[in-house]
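# Attaching a predicted model along with its sequence, questions to come.
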Amino acid sequence: MLISGSLRQGSFNSAMIRAAGTLIERRGLHVSTLGLREFPPYDSDVEIAGIPAAVRAAKKAVAAVDAVVVSTPEYNGGPSGVLKNALDWLSRPYRHSVLTDKAVGIASVAPGDHGGRLALTRLRETLVHCGAHVLNPDLALAFDADDHLDDAGEITHPAVVAEVDGWISALFGPVTADSGTRTCSPPLLANQTPVPRAGRR
């Protein structure tokens, strides 16, 4: 499953997610996308009264996949608020989250020297708190994204595509041929340090 942490129409991170999806599909894997626009702000009163339909559908979709790939912009040194809000919803209920033991690959596209590195550090911490297995390595793309997108807003720059493809190969393994069937190895799970998780929020 693919998740962009940006709602912006011309988002660099959404372009990154689309590029990653194409490269994952070439490995013979099914790809789906989860949008964040329909998630309401997390509110435990709303949760108790009845989980919104959009959140129920999102939880069902995440529970059904083997792995999630997320790309987020960096806002004030952290991941986007809409992404954090979605993770807060998906982490519920406590001890029964659809993110528990879920393999998650994380990336960020941002201009400047860091390429969203601060956002990735905080996103990894949040996902570990949610019980997810965050895959290694992560990917921080630092460039002026306007110079690396084509007129349709897609990532087609050969060097960037190669870097994303290398990252996908590190997560899911290279494409191999076995009697004409394309397969890949399972995700590589990062070593996790147990982190105490909060109860009701």
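Arrived safely.
# pretty sure Val104 is touching Ser71, no?
No. With contact defined as CB atoms under 8 Å, Val104 and Ser71 do not form a contacting pair (11.4 Å). C-beta here means a position set from N, CA and C on the backbone, and glycine is covered the same way.
# quick one, which of these two is more surrounded?
Taking neighbours as other CB atoms under 10 Å, Val104 and Ser71 compare with Ser71 leading, 33 against 26.
# what sits against the more buried one?
By CB atoms under 8 Å, 6 or more residues apart in numbering, the contact set of Ser71 is 3-5, 13-14, 16-17, 20, 106-109.
# Cross the residues you listed against helices and list the overlap.
If you go by DSSP state H, those have 13-14, 16-17, 20 in helices.
# What are the boundaries of the helices in this structure?
Using DSSP H, helices in the chain cover 12-25, 44-49, 53-63, 81-90, 117-129, 158-172.
# and the two most separated of the contacts of Ser71?
Taking CB to CB as the measure, the contacts of Ser71 span a maximum distance of 15.0 Å, between Ser14 and Ile106.
# who has more neighbours, those two?
Taking neighbours as other CB under 10 Å, Ser14 and Ile106 compare with Ile106 leading, 28 against 23.
# Check the spacing between the more buried one and Ile48 real quick.
Ile106 sits 31 Å away from Ile48, going by CB to CB, to the nearest Å.
# same thing with Gly131?
Using CB to CB, we find Gly131 at a distance of 21 Å from Ile48.
# Please identify which of these two sits among more neighbours.
The neighbour count for Gly131 versus Ile48, taken as other CB under 10 Å, is higher for Gly131 (20 against 9).
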